[in-house]
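**Student:** I would like to see how this sequence folds:
(chains A and B)
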Amino acid sequence: MKRLLRAAALAATTLFPLASASAETVKVGLISDFTGAFAIWGQQFQQAIQAYQATHGTSVKGPDGQPIDIQFVYRDATSAGPEKSKQLAEELVLREKVKFLAGFDLSPQAMAVADIATQAKIPTVIMNAATASITRGSPYFVRVSMTIPQHTAALGRWAAGNGIKTAYTIVSDYAPGYDAETYFIKEFTKAGGTIVASERTPIQETNYSAYMEKVLRAKPDALYMFFPAGAPSIAFVKAYAERGLKAAGIKLLGTGETQQILLPQFSDDVLGTVTAFHYTETNVNPANLALKAQLTKMFGPDAGPDIASVAAWDGTDLIYQSVAALGAKAEGLKYIDFMKGKKLDSPRGPAIVDPEERDMIQNIYIRRVEKRDGKLVNIDIGQEDMVKDPWKLENPAKK
Amino acid sequence: MLSFAATVLLDGLSYGMILFLISVGLTITMGLMRVVNLAHGSFAMVGGYLAGWLTQHGVNFFLASLLAAVAAGALGALAETTIYRPLYRKGELAQVLLTIGLVFVTTASVTEIFGALPYAVKLPDYLTRAVNIGFRDYPAYPLFLIAVGGVVAAALWYVVEGSILGARLRAAVDNARMARAVGMNVDALFTGAFVAGCALAGLGGAIGAGVMALEPSYALKYLRLFLIVVIVGGEGSFKGSFVAALSLGVVDTLGKYFFSQASSYLLYAAVFALLLWRPRGLLPAKSAA
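**Tutor:** Below is the predicted model of the structure:
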């Protein structure tokens, strides 16, 4: 594959030496799921990018004062495995000649394009894919979302500092679940909390009554959950209320389970759940209000925003800024160097691109689910300033 | 301890009842009609989504569930006469390919209409509350599932074992050629049974949505459970699938209580062991024995 890529790149440059010189257009290849189980991600990425282009225009003024068009090319990874995303990346790089890659809702999709990004020197803006180690996969990776340990470590510290002495943890039995469990427990116990018991449940489980009975018998102060977005967390919260845990005063803690797009699926059982996250939809940052207004104007009141929109908005902003500063033809790594240490004017609040790890250093907000105007929303009740991914602090890059 | 055991039993039974309601139709298609109907879960999913939509638009939960059963049955009738009937004489590969294709069609349609996120069936308030059952407070919803499952199972048992219709059906299963030879309309019997099975699946999908959550991948996600119920019960055996579904529910719940880490393997290990011991299932229909 390496040889094929190189040969194709060589052929492209010798056969069409003028093609790239004539038009000042920067193409950005966006890979995400637009159909299948994870279709919501692609939809939100695309809507936020379109909203950004509607407010900021489709071109930027380059360093020489000439306008450069920025054109997004969307590709559907169809919620299939990493091979699909790799194949799409190859197609975008070789045939569409994209200058940037972006998107990637799931971690395996991002990991699968690391080699392509490195070999073809394509700066790649990852807009979700939250496995901590990902940005180490290629020096061309920049991530504008979050990592799971970032959230859970902050939550563990908050819980221990806010009257919760004992906790029971239940996570989905997959890699992000282990990350979540590890860092919650580590920070919670370090700050003086005690873990009563820890369970891992099959990834697609939606029948949690048995687990709830066990928690009820253990009587912890709080129950910590980590589940993939959607059916499992909804079923979990339902069982939590149905089995009387809520009535027994056991607090429910989580991270992304109550994010904005998912909240309407829950019943009022979810009220009072406390989560740690890097974006709260009800914050009143001017950038957040602007994004919300634009999304509502273009796609109706149900269009968000949520973390996917915020990451796509910020990622697009980074690409615009770097093209404006460096023009359409800079070396891939130059764009990355430009992005390092960049302070974002993000709808989420203060955030910078970690110059070492090319990951977000950002505020983590502690939120509680409440009801406002008949709608379930997250309301900030606390925050921890500028949290760096704890996994990377513990696992320094080999020099 | 006793109350704990009773809780496990109730949890397991309620889960098993839903599995039974949905799977019994598959017992008919796979066991009786010998069609490898991988699309069976689609009928439950359609029923569930319809009930979800109706309840979210203010329709009473029971009426919505009933309508879901009717709609799933009607869809079953349509599918049986147009898609399934030509398949009966085709090989198993054609059946597998076509029915799995149907699953993809329904999954895509549901995503298109209702979106990719999970979809809720709104339960009436009194079903979401806990009731006192003597030794503890227990949620009303699982009790409701057990009651509905019990009533349906009893009605089915009466129809299959006690009525002339059931006698004909059993005769057709045991020996379809002989049944035809004595003048029974085997095709009509099977169509009726197929429709009934789809209707029950639709009902199960609707009332069971609190246990088996509705999402576009539903038809595929739970397919293995439905297949296990049919295979463990013994192909074509109503009693068998009843016993199998309930045991499956209880084993699964026990696994979660005591070996949560291994619970997803435990179920399959139990099925594996059981099929080694009785390859034809627990209570196979006579023709298969």
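**Student:** same question for stretch B:210-228, mean pLDDT?
**Tutor:** Mean per-residue pLDDT for stretch B:210-228: 89.
**Student:** and what of stretch B:22-33?
**Tutor:** Rounded mean pLDDT across stretch B:22-33 is 82.
**Student:** Same check on stretch A:371-388?
**Tutor:** 93.
**Student:** Contact residues of the stretch 151-289 of chain B facing chain A?
**Tutor:** By CB under 8 Å from any CB of the partner chain, the residues of the stretch 151-289 of chain B that approach chain A are B:210-217, B:221, B:252-253, B:256-257, B:260-261, B:263-264. Any C-beta I mention is one placed from the backbone N, CA and C, and that applies to glycine too.
**Student:** Give me the buried subset of those.
**Tutor:** The neighbour-count criterion (16 or more other CB atoms under 10 Å in any protein chain shown) marks B:210-217, B:221, B:252-253, B:256-257, B:260, B:263-264 among these as buried.
**Student:** Check those and tell me the two furthest apart.
**Tutor:** Farthest-apart pair in these is B:216 and B:257; separation 30.5 Å (CB to CB).
**Student:** Now do the helices in the chain.
**Tutor:** As the question left the chain open, I've gone with chain A. Along chain A, the stretches classed as helices by DSSP state H are A:2-15, A:19-22, A:39-56, A:82-94, A:107-112, A:114-120, A:148-161, A:175-190, A:209-218, A:231-242, A:286-299, A:307-326, A:332-339, A:390-394.
**Student:** if you could check chain B rather than the one you did, that'd help
**Tutor:** Along chain B, the stretches classed as helices by DSSP H are B:2-26, B:40-56, B:61-79, B:92-114, B:125-128, B:140-157, B:164-174, B:176-181, B:186-207, B:218-221, B:223-233, B:238-258, B:263-277.
**Student:** how near is the residue lying closest to residue A:131 once chain neighbours are set aside to residue A:148?
**Tutor:** In space, residue A:131 comes closest to residue A:107 once its chain neighbours are excluded; the distance is 3.9 Å by CB to CB, 6 or more residues apart in numbering or on different chains. Between residue A:107 and residue A:148 the distance is 10 Å, computed by CB to CB, to the nearest Å.
**Student:** Tell me which of these two has more neighbours.
**Tutor:** residue A:148 (26 against 21; other CB atoms under 10 Å in any protein chain shown).
**Student:** list the contacts for the residue lying closest to the more buried one once chain neighbours are set aside?
**Tutor:** Spatial nearest neighbour of residue A:148, chain neighbours left out: residue A:179 (4.6 Å); criterion: CB to CB, 6+ apart. For residue A:179, the contact set (CB atoms under 8 Å, 6 or more residues apart in numbering or on different chains) comprises A:131-132, A:147-149, A:152, A:391.
**Student:** Now for the residue nearest to residue B:136 when sequence neighbours are not counted, how many residues are close by?
**Tutor:** Residue nearest to residue B:136 in three dimensions, not counting chain neighbours: residue B:3, with 5.5 Å by CB to CB, 6+ apart. Residues lying near residue B:3 (other CB under 10 Å) number 12.
**Student:** ditto for the one 5 residues further on
**Tutor:** By other CB under 10 Å, 19 other residues sit near residue B:8.
**Student:** Any chance of JSON lines for the helices of chain A, columns distance to residue A:201?
**Tutor:** Formatted as JSON lines, these follow (distance: least, CB to CB, whole Å):
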{"stretch": "helix A:2-15", "distance to residue A:201": "41"}
{"stretch": "helix A:19-22", "distance to residue A:201": "51"}
{"stretch": "helix A:39-56", "distance to residue A:201": "23"}
{"stretch": "helix A:82-94", "distance to residue A:201": "24"}
{"stretch": "helix A:107-112", "distance to residue A:201": "20"}
{"stretch": "helix A:114-120", "distance to residue A:201": "30"}
{"stretch": "helix A:148-161", "distance to residue A:201": "17"}
{"stretch": "helix A:175-190", "distance to residue A:201": "9"}
{"stretch": "helix A:209-218", "distance to residue A:201": "7"}
{"stretch": "helix A:231-242", "distance to residue A:201": "8"}
{"stretch": "helix A:286-299", "distance to residue A:201": "34"}
{"stretch": "helix A:307-326", "distance to residue A:201": "24"}
{"stretch": "helix A:332-339", "distance to residue A:201": "38"}
{"stretch": "helix A:390-394", "distance to residue A:201": "23"}
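**Student:** looking at these, which is closest to residue A:365?
**Tutor:** With respect to residue A:365, and counting by CB to CB, the nearest of the helices of chain A is helix A:148-161 at 8.8 Å.
**Student:** okay, the angle between the closest one and helix A:175-190?
**Tutor:** Counting by axes from the mean of the first three to the mean of the last three CA atoms, to 10 degrees, helix A:148-161 lies at 30 degrees to helix A:175-190.
**Student:** same for helix A:148-161, what does it pack against?
**Tutor:** helix A:175-190, strand A:222-226, strand A:274-277, strand A:360-372, strand A:375-387, helix A:390-394 (3 or more CB pairs under 8 Å, 6 or more residues apart in numbering or on different chains; DSSP states H and E).
**Student:** Of the ones you listed, give the one that comes closest to residue A:304.
**Tutor:** Of the helices and strands packed on helix A:148-161, nearest to residue A:304 by CB to CB is strand A:375-387, at 12.9 Å.
**Student:** in that closest one, what's buried?
**Tutor:** Applying 16+ other CB under 10 Å to strand A:375-387 flags A:376-378, A:383-384, A:387 as buried.
**Student:** Spit out the contact partners of residue 231.
**Tutor:** Just so you know, I chose chain A. Here residue A:231 is in contact with A:204, A:206, B:118, B:213-215 (CB under 8 Å, 6+ apart).
**Student:** Correction: the question concerned chain B.
**Tutor:** Counting by CB under 8 Å, 6+ apart, residue B:231 has contacts B:271, B:275, B:281.
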